[in-house]
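# Give the three-dimensional model of this entry:
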Amino acid sequence: MAEEQTELEERIIIKDQHTKEIDLVNRDPKHINEDVVKVDFEDVIAEPVGTYSFDGVWKASYTTFTVSKYWCYRLLSAILGIPLAVVWGFLFALISFCHIWAVVPCIKSYLIEIQCVSRIYSLCIHTFCDPLFEALSKICSNIRVALRKEF
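Below you'll find the predicted structure:
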């Protein structure tokens, strides 16, 4: 009975991943676009002290910028949002597919093959280099260095 319950919970969790409710209020819960696209009127247009336009022009410019940015974004997202979501979904599915079915098996294959090569390399190093360096160390072991200060 306990196995059936856990199996049912696993099916619900798997189904829930694809049909979960999305948050329509907080649309950036992981804050990935916090610093990137936060552009307001004051970030783009600023008048230094002494060079002010008419107050009406400034207010109209602010309203025009804000409203046009808002509606252009909404129009672009309405027209291109779903096609780009398909493109990005396809791209990330392709990346995942390549990673799972090509990259990881290639890396595992490389690691298996390099293990054999490393054993041969280690054998060659121990066979040829160890005696050479041991002989050099015996030759250089009798070298004495004396430091003197001459005034």
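
# contacts, neighbours, all on C-alpha from now
Noted.

# Checking the residue most central in space within the chain next. Helix, strand or coil?
When Cα atoms, centre = their mean is applied to the chain, the residue found nearest the centroid is residue 32 (11.4 Å). Following DSSP: H, G, I helix; E, B strand; the rest coil, residue 32 is assigned to coil.

# Strands along this structure, start to end?
Remark: no strands are assigned in the chain by DSSP state E.

# where in it is pLDDT low?
1-19 (pLDDT under 70).

# just checking, what's the longest helix in it?
helix 55-98 (DSSP state H).

# so how far is residue 59 from residue 111?
As judged by Cα to Cα, to the nearest Å, residue 111 and residue 59 stand 65 Å apart.

# sorry, back to before: same for the longest helix of the chain, what does it pack against?
helix 41-44 (3 or more Cα pairs under 8 Å, 6 or more residues apart in numbering; DSSP states H and E).

# which residues sit against the helix it packs on?
62, 65-66 (Cα atoms under 8 Å, 6 or more residues apart in numbering).
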